[in-house]
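Undergrad: the following comprises the amino acid sequence and a computationally predicted model.
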Amino acid sequence: MDARPIGVFDSGLGGLTTVKKLIELLPEEDIIYLGDTGRVPYGSRSRDTIIRYASQDAEFLAGFDIKAMVVACNTASSAALDHLVGAFDMPVYEAINPPAAAAVRLTRNGRIGVIGTAATVRSGAYEAAIRAAGAGGGASGAGGGAADGAGGAAGAGGGAAGGAGAAGAAGEGASGAAYGAGAGASGGMGEIEVFSVACPLFVPLVENGRTDAGDVAVSAIAGDYLRELIAADIDTLILGCTHYPLLRGVISEILGPGVTLVDSGAETARVVADDLRKNGLAASRAADGSEMDAGGRSDVDGWSDASGGRAGTVRFFVTDGIENFSELASRFLESDVNGMVEQIYLE
């Protein structure tokens, strides 16, 4: 058992999709969340800038003596993971391999869509991860790789980052349109095809609270981004930015019930929860080792789990004003976080 907190960071609100799932799966854990709202979005930045920002985020979280770090930002996962793994002596979890492995399991026709920031799409990280998962390799074992503790998590993430670099040329120039790429075999299905689209306006929409399916402007923007994926006849779509699940209603309405959406934040949280339990790093667990029920949670700041274990807490930090973040976080987490958010400065 390890009662130290879990550190989670993202460029803004998006990482709350991971936090929400972590609260559900691990209600006994303390969580430190950093949203770099003063510098959002990361997706339009250069790789060097993304690495610098991610390193500053990680340094801040490391100051809380965290036991694990979750890079709940697909852009930072694709650009900065190798650097973070080398800089910190703890498990570092990324947000690329878990959803890639889930998509390979879920696809029925072998046609997988990916939407992400320009930097994520340009990196080719998802194509590499899907190729590895389809071949029965790296991506599907990303969570399991982290079971060896710090080295395992680092190895799993490092594999994804390496693949991203190798696939970078394929993604170059794909920031404005979809493109297809064979991504290896998936059982008896044959070649999996991947169709990736950059959606640069989605993050600013989410950060400004524009997430409702009834918002005509949001629906028009989403429809323009998704039309090529509809034409490609995908049956599975990776929401390849942790902000994007907040637009799930809009995306589902456009794509229809025949397309399965894969939430990168939730899939990452599942890997973290499994690994912490497997390695004895969870704060506590039910006597039989089973997943603890989060039904007894009363609020975000502190709650009682249904098994009578230690209550966990969540602390929120942002790099810009707290009012907008507090309002939107309260809405998404379905719990009032006003008064619980602190503003910091990173340089």
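TA: Alright, I've got the coordinates. Residues are numbered from 1 along each chain as shown.
Undergrad: for M90, which three-state class applies?
TA: coil (DSSP: H, G, I helix; E, B strand; the rest coil).
Undergrad: contacting residues around the spatially most central residue of the chain?
TA: Nearest to the mean C-alpha position of the chain, by C-alpha atoms, centre = their mean, lies G265 at 3.4 Å. Residues near G265 by C-beta atoms under 8 Å, 6 or more residues apart in numbering: G14, G15, L16, T17, T18, K20, K21, A72, A95, T242, P245. C-betas here are computed from N, CA, C, even on glycine.
Undergrad: pLDDT score for the last one?
TA: This means P245. pLDDT recorded at P245 is 94.
Undergrad: count of neighbours near it?
TA: 25 (other C-beta atoms under 10 Å).
Undergrad: touching, it and D263? I think so.
TA: Yes - P245 is within contact range of D263, at 4.6 Å (criterion: C-beta atoms under 8 Å).
Undergrad: what touches both of those two?
TA: Residues touching both P245 and D263 (C-beta under 8 Å, 6+ apart) are T17, L239.
Undergrad: let me see the ranges of the helices in the stretch 101-250 of the chain.
TA: 118-123, 125-134, 142-145, 150-171, 202-207, 216-231, 248-255 (DSSP state H, counting those that start in this stretch).
Undergrad: low-confidence ranges in the stretch 151-300 of the chain?
TA: For the stretch 151-300 of the chain, applying pLDDT under 70 flags the ranges 151-190, 285-300.
Undergrad: would you map the strands across the stretch 201-347 of the chain?
TA: According to DSSP state E, counting those that start in this stretch, the stretch 201-347 of the chain carries its strands in the segments 236-239, 260-263, 314-318, 341-343.
Undergrad: quick one: closest of these to I66.
TA: Counting by C-beta to C-beta, I66 lies closest to strand 314-318 out of these; the figure is 11.3 Å.
Undergrad: count of neighbours near L281?
TA: With neighbours defined by other C-beta under 10 Å, the count for L281 comes to 20.
Undergrad: just give the closest residue to it, not the sequence neighbours.
TA: Nearest residue to L281, sequence neighbours excluded (C-beta to C-beta, 6 or more residues apart in numbering): D2, at 4.5 Å.
Undergrad: just the pLDDT at that neighbour, thanks.
TA: pLDDT for D2: 94.
Undergrad: just checking, it touches P91?
TA: No - using C-beta under 8 Å, D2 is not in contact with P91, being 11.0 Å away.
Undergrad: find residues that contact each of these two.
TA: When contacts are counted by C-beta under 8 Å, 6+ apart, D2 and P91 have K67, L281 as shared neighbours.
Undergrad: neighbour count for the two, which is higher?
TA: When D2 and P91 are compared for neighbours, P91 comes out ahead with 28 against 15, by other C-beta under 10 Å.
Undergrad: relative to V85, how far out is that one?
TA: Separation of P91 from V85 (C-beta to C-beta, to the nearest Å): 9 Å.
Undergrad: one more: L237?
TA: L237 sits 28 Å away from V85, going by C-beta to C-beta.
Undergrad: same check, this time on L333
TA: From L333 across to V85, the span is 29 Å (C-beta to C-beta).
Undergrad: these two: which is more packed in?
TA: The residue with more neighbours, out of L333 and V85, is V85; 24 against 17, by other C-beta under 10 Å.
Undergrad: what kind of secondary structure is that one in?
TA: The three-state label given to V85 by three-state DSSP is helix.
Undergrad: could you double-check that it sits in contact with Y93?
TA: No - with contact defined as C-beta under 8 Å, V85 does not count as touching Y93 (10.3 Å).
Undergrad: before we move on, the earlier item: which of the strands of the stretch 201-347 of the chain sits most buried?
TA: Among these, the stretch with the highest mean neighbour count (mean count of other C-beta atoms under 10 Å) is strand 236-239, at a mean of 26.
Undergrad: tell me the strands beside that one, with direction?
TA: When pairs are called by DSSP bridges, strand 236-239 turns out to pair with strand 111-116 (parallel), strand 260-263 (parallel).
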